[in-house]
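>>> coordinates for the following, if possible.
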Amino acid sequence: MLYWGYLEEVYLNRDGTPAYLILALPHRYYMVLEREVPAISQTRASVTNLGLPKAVSYLYIPGSEIRNVLFDKVVVENPREFEHALDEALSGQKEDKSGGVSSAD
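Presented below is the predicted three-dimensional model:
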């Protein structure tokens, strides 16, 4: 099972492994193993079309279920603006009692 979506939130354990991640607007893919070389299914099913309420637009994936994470390339048109926003976001992070890092609201 493969999922695609926008990374909404990630929470890391003290050792750097993911405790969980949340995808916004998630879609589900399948690995096609019937070929000589495995491939990803061409169609993706919106998780909101799987019989769940229409309001469901986020998918929680516990760290124990994560085997691999792949991030798409993002082109940053204004690097200075992006760096400033990133610095602000990172300065808002806090460590909680379990020792993980979470973004502050």
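
>>> tell me which stretches of the protein form helices.
79-91 (DSSP state H).

>>> mind listing the strands for it?
2-12, 18-29, 31-32, 39-40, 45-46, 58-62, 93-95, 101-103 (DSSP state E).

>>> tell me what Leu2 is bridged to.
Tyr29 (DSSP bridges).

>>> check contacts around it.
Leu2 makes contact with Arg28, Tyr29, Tyr30, Met31, Ile40 under the criterion C-beta atoms under 8 Å, 6 or more residues apart in numbering. The way it works is simple: take the backbone N, C-alpha and C, and place the C-beta from them, glycine included.

>>> tell me which of the strands of the chain sits most buried.
Comparing the strands of the chain by mean neighbour count (mean count of other C-beta atoms under 10 Å), strand 18-29 comes out on top with a mean of 17.

>>> so where's the protein uncertain?
43-56, 90-105 (pLDDT under 70).

>>> next, name the residue at the spatial heart of the protein.
When C-alpha atoms, centre = their mean is applied to the chain, the residue found nearest the centroid is Leu7 (3.6 Å).
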